[in-house]
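# Need the 3D shape of this:
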Amino acid sequence: GKAFAGKFSNFPKKEKAFLKTRNVKAILVLPLMVSDEFFGFIGFDNCVEERPWDASEEGLLSAAAAAISLWHERRRAEEGLLLALQRTESLYRIGDAMATATDQQKTFETVLAEYLRLVNLKPAYGSIIMFEHTKGYSKVQALHLDGRAVDAKLSFPVGQDLVGKYLMHHKTPLTIEDIH
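Next up, the predicted model:
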């Protein structure tokens, strides 16, 4: 992006009508570039006199635009670092729960809660279901509803477990969205 500057008298009729309603005599528009991508712009209006912007004014205002762009780049980098830290902490908690497991139910609940946090599901609904096909049923091991662990104690016959049947045949993850 390049800077754009102009005096009122040099604009086409349509732009003049717009600028006149705001009493703009000269305008300077500078692009805001964040990570080499156009992010927006910052505009400066001279409402006192119709004259070109001089090099020192344009340089100073360009520095202000660059500072704003750098601030946004830093903010994005900080957000990325924070997300990486949160993911690392979640993975640590999952690993710790699995390595120190004494209670299978609590381990499943920890793994599910951390996974839901990792994928940032809100509200957090999820389940871990273990298929006990030799016994003829599937059992819910962990269930989260609206961000809270729920003691489900649910089991159902394998013949009624459509998700289980799908996973056994396809061996790939299954995402079911927008269930009402």
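# State the next helix or strand along the chain beyond the single longest helix found in the chain.
The single longest helix within the chain, with elements called by DSSP state H, is helix 55-99. Using DSSP states H and E, the helix or strand that follows helix 55-99 in sequence is helix 104-118.
# And that following helix, what does it pack against?
Helix 104-118 sits against helix 55-99, strand 126-132, strand 137-145, strand 148-150, with contacts defined as 3 or more C-beta pairs under 8 Å, 6 or more residues apart in numbering; DSSP states H and E. In short, each C-beta sits where N, CA and C put it, glycine included.
# quick one: buried residues of it?
Using 16 or more other C-beta atoms under 10 Å as the burial criterion, the residues of helix 104-118 that qualify are 107-117.
# Among the residues you listed, which one sits closest to residue 65?
Distance to residue 65 across the buried residues of helix 104-118 (C-beta to C-beta) is lowest for residue 117, with 37.5 Å.
# Now that closest one. Nearest residue, chain neighbours left out?
In this structure, residue 117 finds its nearest non-sequential neighbour in residue 90, 5.4 Å apart by C-beta to C-beta, 6 or more residues apart in numbering.
# what's around that neighbour, how many residues?
The criterion is other C-beta atoms under 10 Å. On that basis, residue 90 has 19 neighbouring residues.
# Equivalent analysis for residue 97, please.
Here the count is done by other C-beta under 10 Å, and residue 97 has 18 residues near it.
# How about the secondary structure of the residue positioned nearest the centre of the chain?
The central residue of the chain, meaning the one whose C-alpha is nearest the mean C-alpha position (C-alpha atoms, centre = their mean), is residue 120 at 9.0 Å. Taking DSSP: H, G, I helix; E, B strand; the rest coil as the rule, one finds residue 120 in the coil state.
# Quickly find the element holding residue 32.
strand 26-34.
# so what does that strand touch, helix or strand wise?
Helices and strands touching strand 26-34, by 3+ C-beta pairs under 8 Å, 6+ apart, are strand 4-7, strand 37-46, helix 55-99.
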